[in-house]
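Student: Give me a model of this one.
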Amino acid sequence: MVMQGLTWKSLKKNPSLMPLFFFVGAGSVMALVYVIRLATRHPEVTWTRANKNRPWDAYADNKQYKLWSDTIDYKNLPPIPAPKLD
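Tutor: As a prediction, this is how the structure comes out:
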């Protein structure tokens, strides 16, 4: 037996549940996309096994990793040298 509201027939009887399913589904997808973005694009996460001692050196000096930057065009800025950590 399926719970009420989870089949198309019962969802037609309760149209107020449709926005609930839509927004919960959209929020879940957005959260999943953001976690995948953090795991693949963030400079503190590395998936390579080359250079095990210093994985943070694989990150480029002038690379932008902000989610949203509307005010500054990072392509026109001079590169900032990475700090020496030794």
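
Student: helices and strands around the helix or strand harbouring P19, which ones?
Tutor: P19 belongs to helix 17-41 when elements are defined using DSSP states H and E. On a contact count with 3 or more Cβ pairs under 8 Å, 6 or more residues apart in numbering; DSSP states H and E, helix 17-41 meets helix 8-13. Where you see a C-beta, it was placed from the backbone N, CA and C, and this is true even at glycine.

Student: Now the helix it packs on: buried residues?
Tutor: Buried residues in helix 8-13, counted by 16 or more other Cβ atoms under 10 Å: none are found.

Student: which other helices and strands contact that helix?
Tutor: helix 17-41.

Student: Below-threshold pLDDT in the chain: ranges please.
Tutor: The model of the chain has pLDDT under 70 over residues 50-72, 74, 86.

Student: chain center to stretch 79-86: distance?
Tutor: 26 Å (Cα atoms, centre = their mean, to the nearest Å).

Student: what about the helix holding P19, distance to the chain center?
Tutor: Averaged over its C-alpha atoms, helix 17-41 has a centre that lies 10 Å from its chain's centre (Cα atoms, centre = their mean).

Student: go on, stretch 9-23?
Tutor: Using Cα atoms, centre = their mean, the offset of stretch 9-23 from its chain centre is 28 Å.

Student: how near is the most centrally placed residue in the chain to S28?
Tutor: In the chain, the residue lying closest to the centroid (Cα atoms, centre = their mean) is Y34, at 2.1 Å. Between Y34 and S28 the distance is 11 Å, computed by Cβ to Cβ, to the nearest Å.

Student: Ok, K12 next?
Tutor: According to Cβ to Cβ, K12 and S28 sit 23 Å apart.

Student: List the contacts of F21.
Tutor: L11 (Cβ atoms under 8 Å, 6 or more residues apart in numbering).
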